[in-house]
Each structure stands twice: as C-alpha cells, then as structure tokens.
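Trainee: Can you look at this prediction? I've put the sequence above it.
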Amino acid sequence: MQQPGVPRETVKLFICGHEGAGKSTLKESLQRSSTWWSLLFSNKNEKSPNPGKDKIYEHTAGIDVTSVEIPGVGKVSLWDCAGQSEFYVTHNMFLGAENATFILVYKIIDWEKDEHGTVKLKRPTDIKEKEKEKIDYWLRFIKATNKSTAENGKSLSEDDKPTVILVASRGDWAQDYMEEANGVAAEIVSEAKEKFKDYLNIHDETFVIDCHKSQNDDMTRLRKFLKERRSVILQRSEDLPNLCEEILKARDEWLKETRLPVLPWSEYVAKVRKIVHVEDKFLQNATKYLNHIGELLYISDSTRTEKDVVVLNPQWLCNKIFGPMLANDIFYQYPVKLKRQNIYSRQDIDNVFKDITKDTSSLINLLQEFELLYPLEESTTKQSDYVIPGLLKDEMLPSQWERSNHKQIYYGRCFQCSNSIDTFSSGFFPRLQTRLYHHLRVLNRPPSGLWRNGIKLSYGVEGLVYITQDLRAVHVCVRAQHENQIQECYQLLELISKDIRDILGEMSPGTTWEQRILSANSLREHVHPKEVYSYSLQQIVDADDNGSLRVYNDKDGYEEKITDLVCPGFDTTFLNEKERKCDVRWMLHKSRRDLVRLMDVIQPLGKDYRLMAEYMNIGNTEVQSLATEARIHRKSPTDLIMKEWSNNWAKSKCQYYQRIQFGGNGPLLKKTKDVYYESSIENHQELLNNDEMQRHDAYMIIEGMFDELFDEMPLKLMQWNDSCSSIDAIAGEFVALGIGECNT
C-alpha cells in the first residue's frame, strides 16, 4: 500500500449450516453482553424450548450482514447464511473470503413424533450419519469457493487456509446423553479434520452448545477461540489504508445520491477521485481490502475491469434483494414471493421488489450482470420474460435426449472432480446456463431446453450439458448427422468447454478437476449422460504414444479408435499436451490445408511433396501410387503422404512395444541424417527447413499455427453481432481463430 494506514479492527465471521441448525440463535447469543445486569436479565429470557416446541421464528433469508462488537471477542463483520438450498447459488458469491472464519453449526440431537404423536428424542448416534453428510456438504462448499493454492502455486500454509469451527447445537436437549453427544462431536471433528487437512484449518476443539444461552462453558470457550483467531488475523493484516477510511466516511453521502446502493466501477472511481487523487491499482487494492473485512462488496469481472461493481451496502444485496428473490413459502416475512416456475414475467419481478426500490429496471440489469437471471429476448419496445436458473423446478427427462438413428457423429467431454472431497459449487451450473444462453443468443441460436440439471443447445448440431446430482461431474455431448458437420460439433464443444473452464475458475477456484473424453460408442448407444463411459486424457495420450491409436472400454468390453474420440484437425488436446512433439495427424485443419496447398505445387527442383516424401522414407513407387490416388479422387498428394508417414510411424511404435513386451530389444529409430521416421510436427518443420528442402514458407505455416494456439485468444463470442447467424459466417470467425475448416 502507498499510504500510511490505521490499524485494522474488523474481521469477517461466517455462520453456516443447514436450516434449523440454530445459526441465528447462536448469533444472537454471541452478541449478548456478559455484564452482571445483562446476565441477570438474560437468564430470565434465555429459556430453551422443549423438544417439539420450537418457537415460530423468522427464517434468515439470503445472508444477514451486520457489523457488531461481540462481547469477549471484538469487532466483527458477521455473515449469517441462510440454510435453505435456494440461497446456495448466491452464497457462492461471498464464501470465498480471505482470512475469514467459518462457524459451521449442526444438530447433535433431534426429535420426531411416534405413531401416537408423542415427541421422542433422536439420540446423537441416531442422527450422526445424517449430520455428517450436512457437515460434509458445507466443508466441500467452503473448500470449493476458496483457493486451494497460494499465488505461487504452492499449498496454502495453515494460517492461510479457511478456518472452520464445528459447533454442535441443541446441547440442552442432550443433557441425558452428554457423554454420547461429546463422543459423537469429537468423532465428527476428528474425521473432518483428517479428511480436509490439506485444504481447511478445522479447529480441533469440540463444542456442544445450548445456542439460547449466552453464557455457559462451551460458549465461553467459543468466545475465547474467536478472540484468539481475531487477534491472529489482525496481527497478520496490513494496516487499513487511509483511503479506506475516507471511502467509508463518504459512503453515507454516496448512498443518498444513488437510486440503488450500487456503483459501476467507473462511477465509483470518479467519486473517490473527488476526495483524493489515486491510481487505479491502489484503489483496486483498497477496495478489495474493504471487501475482505465486509464493509462493502467488490464484485469483479475476470475479463474486464469496467464491468466491476461496488455494492456500498452488503446487507441490501445479500438480504434485502436475494432474500425475497429466492425465498420459498416458509419465509412469511415476505408477502410476495416468486413461485417456483420456469419463466417469470417482468410484472412477477416488479411485484417482489416494489417495496424495496422503484427502479426495478436498474436492479434487473444488476442481477443480469451477476448472471443470476437473463431475459428470454432483448427488446426495446416490450418487456421480456425472464429465466432464473437457480429457481428452475424441473429436471431433464430422458425423452429430451433420445436415441436417434439419424445421428452418426458423436463427441463428448466430461469435467469431473479429481478426488472424493471435491465438488462444484452450487452457483456454478446456474451461471454456466446463463452464460451459454448469452453466447448462443448472440449467434441467434438460443437453447432449446433448460432444466435444473441440464441445458440443450442447437447450433446446427445438437448439444447437451448435464450436471450430475452430486455436483461432481458435468457431461458435454454433441451429435450430428453427417461428417461435414464435424466442424460445427467442435465449435460447439469448444464454446461450452471454454465457458465451463472459465466459470469453474470464477465460482469453484478451490475445486480440483480433470477433463476426460467421453466414449463415442456409449453416446451413440444412448447411455444416460451420467452413465457414459469416459477415458482419461492420459489414456488417450498413451494410445497415441504407443502407436495403437486405440483405448479399451473396460466397462463394456470393446476398443475405440482415439481418432473417433478426439477428431484430428479440430481437437487441440494433443497440441496442448505435447506441442511440437505431437504427431502431424493432430495439426489444425486450417494449417494443414494451407500447408498441403503449398506443397502440392510441383517445383522445378523437386522441392515439393516428392522430396518431402523421400525424407519421410516413402519410396518413389509409393509416392507415384499416392499421387495417382489423389488425382483420381481429387485429394491432396501431400495430405496422403503425411497420412502414410503417420501410419508408418504408428506401426513402428507398435512393433517396438510388442518386442519389448515379449523380452526383445533393439532401438526405436526416430531419425537419421537423411530420414525422419518419427512423424512429429517437430521433425516435419525440421525437414521442411533443411538445406535441401528450404521451404521456409511451409515451415512458417506451422509456426503460425502454434502462435495462434498459444496466444490464448478468446472465442470473441460477445463481439460478434447478431447478423453472424449463418454457419458459413460462424465458420469464418472460427477459421480466423485457427480452429480451421472441414474439407470432408
């Protein structure tokens, strides 16, 4: 930081857990004073309800955000998170918090009524497994939303990991089973600590608490640890920049000037610079600092700073907006709520927010920026209907992706969690649905089906994106009728895959995942998306390395060609994985097309496909035969020679590995002075540019392919105008990006 600062006083504290666990009750008890007068008064009013006699209370909606002084702890920004699953989509925006502490509340005991209506306690051992599942869900959620590695790529230190305190509630009901309750609580803490030890700092004390009492032994221990944790955070934190103090002082005036307590980044910068001139980077860091301590929300866009938004009042967005927007029927504090349906009219949305703001148009635009809803059509003359993906009520029926005898071409990918403690965060798939809708609408091809767990796309070819119920895998399937639609299949596959990778980075930065290749045969046989067999990238790469070009489906008992799974010319798997070491069969179609056009032209000194074939150990007789075949079938002789070179090398590798397998020996000859046996792109460039060939023009075509490939060029979808609707026009844009053309 560039300015002297003032010591930081506030830390961020989240209270999480499923509905009915006692989160809000614990929050209220933590805030009660420990003075003798307060204790005298509280002891008369802290009586816990009997089992089955829970008080009717107002459920927390969204996140209740308050800045409070907790007695015995100090000043904190307290975030009480709703436990209903509808709100997990928006929780996703805030749980990724640097230096935050999480209190995770669960029940240690519960109750039920028997057939006679008599209330009966469910002991700690009776509900242990069910509560473990709930705890596991939240620990996965916290892990997913917080980065699992430091900026240098190394593992997080203990101090940098999110700190989680497990608190067992309803300790007052467990008085007759206290030994059992403490044993179960200790077991839960021990198992969670071991399971998440590399990613979360789970405090090893056990707390079995009557959340209604502000003073008891476990509450005292909890306050003590929170105080110690707060001290550690403040000692490790930089001072609060003076600029932050100035922003907080000016915030009240800004709130009076705005219709909504939200400022676009450019407007926020202008207001700050009226107070003090400051550089953009420094202002960004100061604003992130205020976000970390919960004073405001800085919601940044990973692609463009100008799309960043600053929310001046976190409570307004987290509770006043997200509360009624996502509330279900148990939230009686909201007389008007959105019913569970797939499409909402503008009037539906206006009715929910009419008592909160008169400017619902700006509010809807804000929610669109957050990718929480989208309009079914853009129009300046009439109001659109809207979809809120997080509230979709229907799941995809099997009939939506039926087997088709007309579809011959199938490709697919799977994005799957790498280990058992990983999950994709709850906000990931709704945001993916929203972004795909926007991208496809730009191309005048909006989705043809949308469900809680799937989205169906029509892009000239058909596509399906499906997420499994456990939120651990996303399957992407594309299919078409004819081979001349392969390019369109890969355009759609790449578009979806890019959005998935981007959103996983934004919404699930702590999730470790891998990309797998779906079995074309499984897709063709119309196995349900969640049951489609998949191959690891390593299996695909190994099949290419050993020359077999086949992988084995050990579930269904058959082999598949890797060229049926990752299409040469369009799929960049091998180019990304092996770069110039990969085989020439994996060159992009555009580059290969340009290359063969050059080398097909007969040169006076023979510096064309004929000399090239000689270096590839392809004899004159075979070259003449391939040239004749090319002339008869209107193909490229250069292309046929490159295929022959690639096939010969694959056979050599197969024979070599078979010899090794049966105890033989002998080297795998890759190249000599005059012959390049290995059909790698690296060798191809070398022979094109040697002293005898001197085909620098052909060499540079391959070089250009890698320049485009590693430029990390975006698909530029949002820059395409609505007129870009024909397949030819779309193909032209992709050609410009190096994805290539299909010459089938």
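Mentor: Received the coordinates, thanks. Numbers count the residues shown, from 1 in each chain.
Trainee: Could you tell me which residues make contact with the closest residue to I108 other than its chain neighbours?
Mentor: In space, and not counting its chain neighbours, I108 is closest to A168: 3.7 Å by CB to CB, 6 or more residues apart in numbering. Where you see a C-beta, it was placed from the backbone N, CA and C, and this is true even at glycine. Residues near A168 by CB atoms under 8 Å, 6 or more residues apart in numbering: Y106, K107, I108, A181, V184, A185, I188, T206, F207, V208, I209.
Trainee: My guess is the third one contacts V208. True?
Mentor: Yep, that's I108 we're talking about. Yes. With contact defined as CB atoms under 8 Å, I108 reaches V208; the gap is 5.6 Å.
Trainee: Need the overlap of contacts for those two.
Mentor: A168, G171, A174, A181, A185.
Trainee: Just say helix, strand or coil for the last one.
Mentor: Here A185 is helix, with the state taken from DSSP: H, G, I helix; E, B strand; the rest coil.
Trainee: tell me the contacts of the residue lying closest to it once chain neighbours are set aside?
Mentor: Residue nearest to A185 in three dimensions, not counting chain neighbours: T206, with 4.2 Å by CB to CB, 6+ apart. By CB under 8 Å, 6+ apart, the contact list for T206 reads L166, A168, N182, A185, A186, V189.
Trainee: Let me see the mean pLDDT of the top helix by length along the chain.
Mentor: Secondary structure of the chain read by DSSP state H shows that its longest helix is helix 637-661. Helix 637-661 shows a mean pLDDT of 91.
Trainee: roughly how far is that helix from the heart of the chain?
Mentor: Offset of helix 637-661 from its chain centre (CA atoms, centre = their mean, to the nearest Å): 40 Å.
Trainee: and if you look at stretch 684-697?
Mentor: Once both centres are worked out by CA atoms, centre = their mean, stretch 684-697 turns out to sit 44 Å from its chain's centre.
Trainee: rewinding a little: what about I108 and V208, which has more around it?
Mentor: I108 (28 against 23; other CB atoms under 10 Å).
Trainee: so the residue nearest the centre of the chain, which of the three states?
Mentor: Residue closest to the average C-alpha location in the chain (CA atoms, centre = their mean): L504, at 1.6 Å. Following three-state DSSP, we place L504 in the helix state.
Trainee: how much space between Q400 and E494?
Mentor: According to CB to CB, to the nearest Å, Q400 and E494 sit 23 Å apart.
Trainee: How about L95, nearest residue that isn't a chain neighbour?
Mentor: Per CB to CB, 6+ apart, closest to L95 is T145, 4.2 Å.
Trainee: Spell out which residues sit in contact with the residue nearest to the centre of the chain, please.
Mentor: F415, F424, F428, T511, W513.
Trainee: And these, which is closest to F196?
Mentor: T511 (13.0 Å; CB to CB).
Trainee: Which pLDDT does the model give that closest one?
Mentor: T511 is assigned a pLDDT of 95 by the prediction.
Trainee: quick one, phi psi at it?
Mentor: Main-chain dihedrals, T511, degrees, to the nearest 10: phi -90, psi 130.
Trainee: what's the neighbour count on it?
Mentor: The local packing of T511 (other CB under 10 Å) involves 25 other residues.
Trainee: From here on, call the first residue 59.
Mentor: Happy to do that; since the first residue is 59 now, the last one works out to T569.
Trainee: Thought Q474 was touching it, still the case?
Mentor: No. With contacts counted by CB under 8 Å, T569 stays clear of Q474, the gap being 10.5 Å.
Trainee: hang on, S594 packs against L576?
Mentor: No. In this structure S594 lies outside contact range of L576 using CB under 8 Å: 11.6 Å.
Trainee: thinking again about what came up before, what about the residue nearest to L153, distance to N150?
Mentor: Noted for T203: a distance of 6 Å to N150, by CB to CB.
Trainee: Same check on V336?
Mentor: 31 Å.
Trainee: do D408 as well
Mentor: The value you get for D408 to N150, if CB to CB is used, is 26 Å.
Trainee: Of these two, give the one with the bigger neighbour count.
Mentor: Between D408 and N150, counted using other CB under 10 Å, N150 has the larger neighbour count: 22 against 16.
Trainee: give me the number of residues near the closest residue to that one other than its chain neighbours?
Mentor: Spatial nearest neighbour of N150, chain neighbours left out: G485 (2.9 Å); criterion: CB to CB, 6+ apart. Burial of G485 is recorded as 27 neighbouring residues (other CB under 10 Å).
Trainee: What pLDDT does the model give G485?
Mentor: Listed pLDDT for G485 reads 94.
Trainee: Is it in contact with M151, as I believe?
Mentor: Yes. Counting by CB under 8 Å, M151 is a contact partner of G485 at 6.8 Å.
Trainee: returning to what we had before: list just the nearest of the contacts of A226 to G615.
Mentor: Relative to G615, the closest of the contacts of A226 is I246; by CB to CB it sits at 42.5 Å.
Trainee: is it true that that closest one lies in a helix?
Mentor: Yes. Assessed with three-state DSSP, I246 lies in a helix.
Trainee: quick one: pLDDT of it?
Mentor: On pLDDT, I246 comes in at 97.
Trainee: ok so, going back, show me the contacts for the residue nearest to N150.
Mentor: Y146, V147, T148, H149, N150, M151, G448, M565.
Trainee: roughly how far apart are it and F380?
Mentor: 12 Å.
Trainee: okay, and the common contacts of these two?
Mentor: With contacts taken as CB under 8 Å, 6+ apart, the residues that reach both G485 and F380 are T148.
Trainee: Wait, L153 touches K201, no?
Mentor: No. Using CB under 8 Å, L153 is not in contact with K201, being 9.9 Å away.
Trainee: between S594 and L576, which one's more packed in?
Mentor: Neighbour totals were compared for S594 and L576, and L576 leads with 23 against 15 (other CB under 10 Å).
Trainee: now the strands: where do they sit in the stretch 559-708 of the chain?
Mentor: 571-576, 592-594, 608-611, 616-619 (DSSP state E, counting those that start in this stretch).
Trainee: List the neighbouring strands of the last one plus their orientation.
Mentor: Next to strand 616-619 in the sheet, as set by DSSP bridges, lie strand 608-611 (antiparallel).
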